[in-house]
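A.B. asks: need a 3D model of the following:
(2 chains)
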Amino acid sequence: MSAGSVDLAVASSGPRRRVVRWGARFSWRYHTRAVVVGGLIWLATGVFLLIQLGVGEFSLSPGEVYRTLTGQGTPGQEFIIYDLRLPRVLTAVLVGIGLGMSGAVFQSLTRNPLGSPDIIGFTQGAGLAALAQIVIFHGGQTEIALSALGGGLAVSVLVYVLAYRKGVQGYRLILVGIGVSALLVSMTSYLLLNAQIIDAQVAFVWLTGSLNARGWEHVVPLALALVVLVPATLAMSRPMRLLEMGDDTAHALGVRVERSRTWLLVLGTALCAVAVSSAGPVGFIALAAPQVARRLTGSATVGLLPAGAMGALLLVLSDLAAQRVVAPAALPVGVATVSVGGLYLAWVLFRENQTGRA
Amino acid sequence: MVTTGQLVQPQPGRSGLDEQARRARLLSLGVVASVAVLVLVALLSLVVGAKSIPMHTVWDALFAYDGSDDQLIVRELRVPRMVLGALVGSAMALAGALMQALTRNPLADPGLLGVNAGAALAIVASISYLGATTLTEYVWFGLAGAAVTTFVVYVLGAAGRAGVSPVRLALAGAAIAAAFSGIISAIVLLSHDAFVDFRTWSVGSLTGRDSSVVTQVLPFIAVGTVIALAMAGSLNALSLGDDTARALGAKVGQIRLTGVVAVTLLCGAGTAAVGPIGFVGLIIPHVVRSFTGPNQRWLLPYSLLFGAILLLGSDVLGRVILHPGELQVAVVTAAVGAPVFILLVRRRRLSQL
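C.D. replies: Just a heads-up that it's a prediction; the model follows:
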């Protein structure tokens, strides 16, 4: 076979896995159902994205949205779409991808379906730092985003250092993370209780996660960061899968255990960091998206790409719900992510109930 | 002639049975010591406060009541507070140990069944829409909310034929808890009064809880405790895995159901009474397990005692630190417990259930 031709072969381990080969050196084995489901998820995301563009105080019909996107709308419509709504929905998609993939990394690392970036206290650290910024220093949007980033990273490093004893393995990282998180949560509640009521409400909105007033200045850094982080994480997907089998097995199969684990932690934290500094600690996406994606694709373990796609879909859906449910008041998206994500996960579990899957 | 019996002499004090007996004795002594510490901390909580009341006045207030102001404070304010603190602390720790055993997941805390979220949602809804104003009203709503939520979570977590699986139970609880917390956020963001009330309630605190709250939650916590302690043997069987447990004759479905009922009673009553206290149920079982091992017959009583000690001690500390004001007990519990817990995690190998 010549270099560059595509050879489809049915792998022997089952009729649903296929292999694509380029030449003699590159191959990619994929699960048909996962690819189909992933494609459908992206399709659904696109549909809801277009609906979202038409929704709001000035509602636009799908036709008008389409015309504006192809450059034939009025200046007013162009302003609404290009300056107000498009950056917001793009932020939603990118944040969703970041959170979904971060959640998948942590659930794989901790081998626990409840794993999420909360484990290393990142979200709580970011929340506390942002809260302090709002309540004590009264900073603006940029200061809040930067303190969230700094706080989250500082806490993650602290948790890692506290858990490190000739390596970070087993439950130690999880338990230290839980301990530090609990401490941070109580400090956050205390600050919230003793702040001025107005500051407290502003802080509460940020803490639930919000996409209000997100512009291109949010989208561009986020997109650049993801362009770097997503391929890097995908490159680590094989060590990640092997680490799930246990440190000894992974080591025997040639994975450098400590180094891979540290890299995965760094990448997972970075993905979460860019998401949180853009939209605040949007809850539940990192937990729910990988689990829902896993059940829909029917795979045994969490997958990075389906989780990212699912995260984007959940966040766009949640934003739509948050804006429409109690119109004209716009709720912060974090309110809807926990509701939508929670209810969707509950529905998926209920469906499994019918078919008897464990 | 040398017989095999002579060759295989057990060394004194080193055989398996001797080792076990020694361990059991040490642990029994530990229980007694813990009870003593609990009594000490309880007495301390009667003495310390905005007004420091001397020990003999406390003693008189309990056994030779004569109606003076100080004795009134002790009897009407501090004794109920102490009893509530001990009850809630032990209830949360016990509920945490049960949850971790039922889900075989060290990350499980009693809030995982959605109990906290259910109680909180019921209370917020009752404040905003049903006009509840007093604490006793909150408590009933909280209990009802907790019960309904647990029922929903349990139904979701039960797979069609196989019965409840730990993973599904944990995920179902997380899903429902998340959905409820979203609804709570929506309600408090849309109503200023609800926000203020919720903000106060959401930091677990023993302030302003008098003997009526104690009498409200005492029956639920008492029943829950009895059920939990009686389940110790069944939980040991469950920890071996569902299949092995069934092979040993344990009725896995029934055990899970009973456990969920007990967790609801304990955690629901505790949260409804004092608000969410998140640290005790998650951490105490880990701390206790580091020296008792995974045997539930020791783990559960020790969790009960340590939970009460932690909560009462935190309450005392909270009243001392910000004297004459006070720091809420939920804040102190986490601030005190977290460093101790992290130290423990670093220095010992905590057994993984």
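A.B. asks: could you use CA atoms for every contact and neighbour count after this?
C.D. replies: Noted.
A.B. asks: check which element follows the helix or strand containing B:Ser181 along the chain.
C.D. replies: If you go by DSSP states H and E, B:Ser181 is part of helix B:166-190. Counting by DSSP H and E, the next helix or strand C-terminal to helix B:166-190 is helix B:192-201.
A.B. asks: give me the contact list for that following helix.
C.D. replies: By C-alpha atoms under 8 Å, 6 or more residues apart in numbering or on different chains, the list of residues contacting helix B:192-201 from outside reads A:Leu192, A:Leu193, A:Ile197, B:Val124, B:Ile127, B:Ser128, B:Ile187, B:Val188, B:Leu189, B:Val274, B:Gly275.
A.B. asks: so how far is B:Leu143 from the fifth one?
C.D. replies: Here the distance between B:Ile127 and B:Leu143 works out to 15 Å (C-alpha to C-alpha, to the nearest Å).
A.B. asks: how about the third one?
C.D. replies: In this structure, A:Ile197 lies at 29 Å from B:Leu143, with C-alpha to C-alpha as the measure.
A.B. asks: so for these two, which residue has more residues nearby?
C.D. replies: Neighbour count, other C-alpha atoms under 10 Å in any protein chain shown: between A:Ile197 and B:Leu143, B:Leu143 has more, with 29 against 16.
A.B. asks: quick check: mean pLDDT of the helix or strand encompassing that one?
C.D. replies: Using DSSP H and E, the element containing B:Leu143 is helix B:135-157. The average pLDDT within helix B:135-157 is 84.
A.B. asks: angle of it against helix B:166-190?
C.D. replies: With axes from the mean of the first three to the mean of the last three C-alpha atoms, to 10 degrees as the basis, helix B:135-157 and helix B:166-190 are set at 140 degrees to each other.
A.B. asks: does helix B:135-157 reach chain A?
C.D. replies: Yes. Shown here: helix B:135-157 in contact with chain A (C-alpha under 8 Å from any C-alpha of the partner chain) through B:Leu156, B:Gly157.
A.B. asks: what's the weakest-modelled helix or strand in chain B?
C.D. replies: helix B:4-7 (a mean of 50; mean pLDDT, DSSP states H and E).
A.B. asks: following the chain past it, name the next helix or strand.
C.D. replies: helix B:16-47.
A.B. asks: so what's the gap between that next one and the chain middle?
C.D. replies: Computed by C-alpha atoms, centre = their mean, to the nearest Å, the chain-centroid distance of helix B:16-47 equals 18 Å.
A.B. asks: stretch B:226-242 now?
C.D. replies: How far stretch B:226-242 lies from its chain's middle: 17 Å, per C-alpha atoms, centre = their mean.
A.B. asks: what's in contact with it?
C.D. replies: B:94, B:98, B:101-102, B:104, B:244-245, B:248, B:250, B:252, B:255, B:258-259, B:262, B:294-297, B:300-301, B:353.
A.B. asks: shaky segments in the stretch 251-353 of chain B?
C.D. replies: Scanning the stretch 251-353 of chain B for pLDDT under 70 picks out B:348-353.
A.B. asks: contact partners for A:Leu313?
C.D. replies: Taking C-alpha under 8 Å, 6+ apart, we find A:Leu313 in contact with A:Ile41, A:Trp42, A:Ala44, A:Thr45, A:Val93, A:Gly96.
A.B. asks: highest neighbour count among those residues?
C.D. replies: Among these, A:Gly96 has the most neighbours (other C-alpha under 10 Å), with 29 neighbours.
A.B. asks: give me the pLDDT for that one.
C.D. replies: Note on A:Gly96: pLDDT of 93.
A.B. asks: check contacts around it.
C.D. replies: A:Ala275, A:Ile285, A:Gly308, A:Ala309, A:Met310, A:Gly311, A:Ala312, A:Leu313, A:Leu314, A:Leu315, A:Val316.
A.B. asks: does the helix holding B:Ser181 reach chain A?
C.D. replies: Yes. Shown here: helix B:166-190 in contact with chain A (C-alpha under 8 Å from any C-alpha) through B:167-168, B:170-172, B:174-183, B:185-186, B:189.
A.B. asks: which element is the residue positioned nearest the centre of chain A on?
C.D. replies: Centroid check for chain A by C-alpha atoms, centre = their mean gives A:Leu99 as the closest residue, at 1.2 Å. Element membership of A:Leu99, judged by DSSP H and E, is helix A:86-110.
A.B. asks: so how far is that helix from its chain's centroid?
C.D. replies: The mean C-alpha position of helix A:86-110 is separated from the chain mean by 2 Å, C-alpha atoms, centre = their mean.
A.B. asks: make sure A:Arg18 is indeed in a strand.
C.D. replies: Yes. Assigned with DSSP: H, G, I helix; E, B strand; the rest coil, A:Arg18 falls within a strand.
A.B. asks: I'd say it and A:Thr32 touch.
C.D. replies: Yes. Here A:Arg18 reaches A:Thr32: they are 6.9 Å apart, a contact under C-alpha atoms under 8 Å.
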